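Visitor: Based on what follows, work out the 3D shape:
(one chain, ligands or ions: 1)
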Amino acid sequence: MANDITTRYQSILDRIQKACNDCGRDPAGILLVAVSKTKPDNDLHRLIDEGHLHFGENRAKALEKRMESVPDRSIQWHFIGTLQSNKIKYIAHRVNWIQSVHKKSALKEIEKRAGGFNRVINTLIQVNISDEDQKSGCDPAQLEEILKYAQDLKFTRVCGLMGMATYTEDPEKVRPEFQLLKNVFEEHQHLNKGSVQLEHLSMGMTNDLEVAIQEGSTMVRVGTAIFGERNY
Ligand SMILES: *Cc1c(COP(=O)(O)O)cnc(C)c1O
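Guide: Just a heads-up that it's a prediction; the model follows:
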């Protein structure tokens, strides 16, 4: 079946492989997060059967439900949506990565909740790289202060940065946004200390993952190309 989910999954792996070949990178350096959003659990299980381990959701309650319905402890769960501090409590017992932290108060809440379970949560700081206001993330100028705060946390690790490019049909148009995030990433490496170790750059989705990989992405978040179009 041409539209089968495992076929689509395979073609995403091929796209990542080809993008890496084209710019001389090792595909092992790109982590694929499958973004399931509203899609049924069965679709996830198909990917788990293929050996896929990293899954992302953009709503805390949806992620909570999803984590309950998939008991497999080897799965790594990523929260990638707009982060409201009062929702962290729904996911802290199980989430592995929170990719959308954009202020100190969110780190403080993650620290408290993760500490309550005596577990460590990996985070990425989301930086606003697009010119669309509704795409959240901190201003690059705020990043230093956030990272300095995070250095002393015990249950929260800051492992890198995340960014969402402006939506466009032509991925070439967002290349400068990815370059901006990569520059911000390089410029803050000197703040690696304690719980801050900037290693990951989460950028690239269905429409723009090739450009993101060329510009240094280490994590791509792909929904539509694996699970099909969404109704919202
Ligand atoms: C939905 C979503 C994605 C995946 O987008 P696709 O274009 O469907 O691949 C990636 N990142 C975030 C933050 C999302 O909300």
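
Visitor: Please identify the helix or strand for the residue nearest the centre of the chain.
Guide: In the chain, the residue lying closest to the centroid (Cα atoms, centre = their mean) is residue 99, at 4.7 Å. Using DSSP states H and E, residue 99 sits in strand 97-101.

Visitor: so which strand or helix has the spatially closest residue to residue 52 that is not a sequence neighbour?
Guide: Using Cβ to Cβ, 6 or more residues apart in numbering and skipping the chain neighbours, the partner closest in space to residue 52 is residue 34 (6.0 Å). Backbone N, C-alpha and C define where each C-beta goes, glycine included. Assessed by DSSP H and E, residue 34 sits inside strand 31-35.

Visitor: Is there contact, residue-wise, from that strand to the ligand?
Guide: Yes - using Cβ under 6 Å from any ligand atom, strand 31-35 reaches the ligand at residue 35.

Visitor: show me the contacts for the residue nearest to residue 52.
Guide: Taking Cβ atoms under 8 Å, 6 or more residues apart in numbering, we find residue 34 in contact with 9, 44, 47, 52, 54-56, 222-223, 226-227.

Visitor: and stretch 101-114, anywhere near the ligand?
Guide: No - Stretch 101-114 stays clear of the ligand (Cβ under 6 Å from any ligand atom), getting no nearer than 12.3 Å.

Visitor: So what touches that stretch?
Guide: Contact with stretch 101-114 is made by 83, 85, 88-89, 92, 98, 120-121, 123-128, 136-138, 142, 145-146, 149-150, 153-156, 158, as judged by Cβ under 8 Å, 6+ apart.

Visitor: Show me where the chain has its helices.
Guide: 5-23, 41-49, 60-69, 104-116, 143-150, 175-187, 209-214, 224-227 (DSSP state H).

Visitor: Dump the C-alpha coordinates for the third one into CSV.
Guide: These are the backbone C-alpha positions of helix 60-69, laid out as CSV (Å, rounded to 0.1, in the frame of the first residue of the first chain):
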residue,chain,number,x,y,z
ALA,A,60,0.0,18.2,27.7
LYS,A,61,-3.3,16.3,28.3
ALA,A,62,-2.9,14.5,25.0
LEU,A,63,0.6,13.5,25.9
GLU,A,64,-0.5,12.3,29.3
LYS,A,65,-3.1,10.1,27.7
ARG,A,66,-0.7,8.8,25.1
MET,A,67,2.0,7.9,27.7
GLU,A,68,-0.6,6.0,29.6
SER,A,69,-1.7,4.0,26.5
